[in-house]
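>>> got a predicted structure plus its sequence, pasted below:
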Amino acid sequence: MTEHLTKQTFLDKVFNYETNTDWNFTGELPCVVDFWAEWCGPCRAIAPVFEELSEEYKGKVQFYKVDTEAEQELAEVFGIRSIPSLLLIPKDGKPQMAVGALPKDMLEQAIGEVLLGIERA
């Protein structure tokens, strides 16, 4: 199940950019953060896929959503210029951004490679 983040919950669960200049992920599981907006057609199109993946990867990967209209500061901090934008955050290492409404198989590949370290044949 996805969880909607506010600025405060993002600071608590993902990364406190107010106190850290270097990336320091504070979560317990790798995560995907979906930057979206209600008016965005592609965002609404991938929402059911995002929910499916959150169930399939339950206990392995955390799925978060950030409404860019309500949380404009978060969108600014991460340089979000187009939505949907997905921030893939491994447990260790630097986050990576994927932009656009990716199909489910591409999202699964990105989750496997970036977050779980699974090499694709």
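In hand now; what should we look at? Numbers count the residues shown, from 1 in each chain.
>>> list the buried residues of the helix or strand encompassing M106.
In this assignment (DSSP states H and E), M106 forms part of helix 104-110. Neighbour-count burial for helix 104-110 flags L107, E108, A110 (criterion: 16 or more other C-beta atoms under 10 Å). In this view, the C-beta of every residue, glycine as well, is placed from N, C-alpha and C.
>>> could you report the pLDDT at the last one?
Okay, so that is A110. What the model reports as pLDDT for A110 is 93.
>>> ditto for G117
86.
>>> R120 now?
For R120, the pLDDT comes out at 59.
>>> gap between the nearest residue to P95 once chain neighbours are set aside and T19?
In this structure, P95 finds its nearest non-sequential neighbour in I89, 4.4 Å apart by C-beta to C-beta, 6 or more residues apart in numbering. Separation of I89 from T19 (C-beta to C-beta, to the nearest Å): 18 Å.
>>> what of L74?
In terms of C-beta to C-beta, L74 sits 15 Å off from T19.
>>> per-residue confidence at the most centrally placed residue in the chain?
With distances taken as C-alpha atoms, centre = their mean, the residue of the chain nearest its centroid is V33 (1.5 Å). Per-residue pLDDT puts V33 at 97.
>>> identify the residue nearest it in space, chain neighbours excluded?
Using C-beta to C-beta, 6+ apart and skipping residues adjacent in sequence, the residue nearest V33 is L87, 4.2 Å away.
>>> just the CA atoms of whatever helix or strand the one you found lives in, as PDB, please.
Assessed by DSSP H and E, L87 sits inside strand 85-89. Included here for strand 85-89 are C-alpha records, laid out as PDB according to Å, rounded to 0.1, in the frame of the first residue of the first chain:
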ATOM      1  CA  SER A  85       8.600  11.600 -11.800                       C
ATOM      2  CA  LEU A  86       9.700   8.600  -9.700                       C
ATOM      3  CA  LEU A  87      12.600   8.900  -7.300                       C
ATOM      4  CA  LEU A  88      14.200   5.400  -6.700                       C
ATOM      5  CA  ILE A  89      16.000   5.300  -3.400                       C
END
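>>> can you list contacts of it?
14-15, 25, 27, 30-35, 78, 95-99, 102, 107, 110-111, 114-115 (C-beta atoms under 8 Å, 6 or more residues apart in numbering).
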